[in-house]
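>>> Return a 3D structure for these sequence lines:
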Amino acid sequence: MTVLGGVGPLCGQYNVSLDGSPSTTYNASSSEANSGQVLFYASGLANAPHTLLLTNLGSSSSSGGPQTSLVVRQIMNMSAITPTMK
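Numbering: from 1, shown residues only. I've put the predicted structure just below:
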């Protein structure tokens, strides 16, 4: 499974959880904007439905920092999947 999206100065940290696993924190902050970066990758997945949870950590209004974005352009899975939106 591959998640493609944007990195740049207005992007920040996000959590990823796959199939209910504990979340891992990643950082999409970069000095230059690029919309075609791999934000998450997992291999060796069973040919079955999977649940992927992406959470933009942004910045809280109490921190005084700018709000950050998480830009997802495409989620690809090489096995047969049926996407659902919630």
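>>> only C-alpha atoms for contact and neighbour calcs from this point on.
Noted.
>>> Could you find the closest non-adjacent residue to the most centrally placed residue in the chain?
Residue closest to the mean C-alpha point of the chain, counted by Cα atoms, centre = their mean, is residue 54 at 4.8 Å. The shortest distance from residue 54 to any non-neighbouring residue, by Cα to Cα, 6 or more residues apart in numbering, is to residue 16 (4.8 Å).
>>> same question, residue 52
Per Cα to Cα, 6+ apart, closest to residue 52 is residue 18, 4.6 Å.
>>> same thing with residue 31?
residue 9 (5.3 Å).
>>> Low-confidence stretches in this structure?
59-67, 78-86 (pLDDT under 70).
>>> show me where it has strands.
2-7, 13-18, 24-27, 34-41, 52-56, 72-76 (DSSP state E).
>>> Pick the most buried one from those.
strand 2-7 (a mean of 20; mean count of other Cα atoms under 10 Å).
>>> That one packs against which elements?
In terms of contacts (3 or more Cα pairs under 8 Å, 6 or more residues apart in numbering; DSSP states H and E), strand 2-7 is packed against strand 34-41, strand 72-76.
>>> So what's the gap between stretch 16-23 and the chain middle?
11 Å (Cα atoms, centre = their mean, to the nearest Å).
>>> what do you get for stretch 1-19?
Distance, centroid of stretch 1-19 to centroid of chain: 3 Å (Cα atoms, centre = their mean).
>>> Can I get that stretch in CSV, CA atoms only?
C-alpha atoms of stretch 1-19 as CSV (Å, rounded to 0.1, in the frame of the first residue of the first chain):
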residue,chain,number,x,y,z
MET,A,1,0.0,0.0,0.0
THR,A,2,1.3,3.4,-1.0
VAL,A,3,0.0,6.8,0.0
LEU,A,4,1.2,9.7,-2.2
GLY,A,5,0.7,13.3,-1.2
GLY,A,6,2.3,16.7,-0.7
VAL,A,7,5.1,17.9,1.4
GLY,A,8,6.1,21.5,2.0
PRO,A,9,6.4,24.4,4.3
LEU,A,10,2.7,24.4,5.2
CYS,A,11,2.6,20.7,5.9
GLY,A,12,3.4,19.1,9.2
GLN,A,13,3.2,16.0,11.3
TYR,A,14,0.6,13.2,10.8
ASN,A,15,-0.1,9.8,12.3
VAL,A,16,-0.7,6.6,10.3
SER,A,17,-2.4,3.5,11.6
LEU,A,18,-2.9,0.4,9.4
ASP,A,19,-5.4,-2.3,10.5
